[in-house]
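**Student:** the following comprises the amino acid sequence and a computationally predicted model.
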Amino acid sequence: MSVQVESRKPDTTPTEKDPRWKSVVTRDSAADGTFYYSVKSSGVYCFPSCAARLAKPENVRFHPTREHAELAGFRPCKRCKPDQRIPKRHWVPDEIRFDIGTFSLGLVLVAQSSRGVCAVLLGDDHAELRRDLESRFPGASLIHDSARLESLTGKVTAFVESPSRGLDVPLDMHGSEFQLRVWHALQQIPAGSTASYTDIANRIGMPKSARAVAQACAANALAVVVPCHRVVARDGKLSGYRWGVQRKRSLLEKEAQL
Ligand SMILES: [Zn+2]
């Protein structure tokens, strides 16, 4: 589809010269997730496909991730909800096999896509774990397959019990570019030590992003494999944990005894 972008107008703004502007003008949903744009006059940021009235180009700025837009002081648009909707630009598994094992701190759900382990979730209740998996992969068909996953579940459960032994299985991580950077940084924190949200923000080269780092930790689907439990508040307090602060405390205590 080709669109006329007023190429003959004499005072073309930098925004209009930017190829991303064309995606905004055409409300190209294929561009969703590849960048975001903010509008100075309204203070919000949007997906390229946002159906709201087209902003004046002189008020528009582009951002590589939504975290960049938020750090620049913009709020998510209420119409296209760029903070809530995950664009389906990335490959997503349509079939996921899972099994549930046990370790000393409860249950471990291990899920595998055709590419690798896509979720390791902790909990106390089978149905709740399954719902957690469902909410992370909406639309995927979930197959409880203890037979096929027996050896994988054994490996992952043993690893969750004592992370220092390492885990050598392919992973299938799903997240934004920013989340993936945070999760890779978390994987560099060795068992037995901790880091603060600010430490991680510094390590990924975005020192002002501690809050976004905390959000990325909360979105982690690979408990212990991506050790978000090793991230604590700057004053040493445990801060939150998606799978329970008590469990976080116990995991850290076990690792400190190594
Ligand atoms: Zn919008």
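**Tutor:** Looks like it came in fine.
**Student:** quick one: the strands in the stretch 1-150 of the chain?
**Tutor:** 36-39, 44-46, 60-63, 75-76, 95-103, 106-112, 117-123, 141-144 (DSSP state E, counting those that start in this stretch).
**Student:** so in that sheet, which strands flank the first one, and in what orientation?
**Tutor:** Yep, that's strand 36-39 we're talking about. Here strand 36-39 is paired, per DSSP bridges, with strand 44-46 (antiparallel), strand 60-63 (antiparallel).
**Student:** follow-up on the earlier one: compare the strands of the stretch 1-150 of the chain and report which one is nearest to the ion.
**Tutor:** The ion sits nearest to strand 44-46 of all those, at 3.1 Å, using CB to the ion. C-beta here means a position set from N, CA and C on the backbone, and glycine is covered the same way.
**Student:** for the ion, tell me whether the closest one is touching it.
**Tutor:** Yes: with CB under 5 Å from the ion as the criterion, the ion is reached by strand 44-46 at C46.
**Student:** what lies in contact with that strand?
**Tutor:** Residues outside strand 44-46 that contact it (CB atoms under 8 Å, 6 or more residues apart in numbering): 36-39, 52, 63, 66, 69-70, 74-80, 82.
**Student:** show the buried residues in these.
**Tutor:** Listed as buried from these are 36-39, 63, 66, 69-70, 74, 76-77, 80, 82; burial here means 16 or more other CB atoms under 10 Å.
**Student:** turn the residues you listed into TSV, columns for pLDDT and distance to I200.
**Tutor:** TSV is the format used below for the buried ones among the contacts of strand 44-46 (pLDDT from 0 to 100; distance: CB to CB, whole Å):
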residue	pLDDT	distance to I200
Y36	94	22
Y37	97	27
S38	97	25
V39	97	30
H63	89	20
R66	87	18
A69	93	20
E70	92	17
F74	97	23
P76	96	23
C77	96	28
C80	93	29
P82	92	23
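**Student:** which of those come close to the ion?
**Tutor:** 77, 80.
**Student:** can you show me the helices along the stretch 51-200 of the chain?
**Tutor:** 66-71, 126-136, 146-161, 177-186, 197-203 (DSSP state H, counting those that start in this stretch).
**Student:** re earlier: and the strands paired with strand 36-39 as a markdown table, adding distance to L180?
**Tutor:** Listed next are the strands paired with strand 36-39 as a markdown table, based on distance: least, CB to CB, whole Å:
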| stretch | distance to L180 |
| --- | --- |
| strand 44-46 | 20 |
| strand 60-63 | 17 |
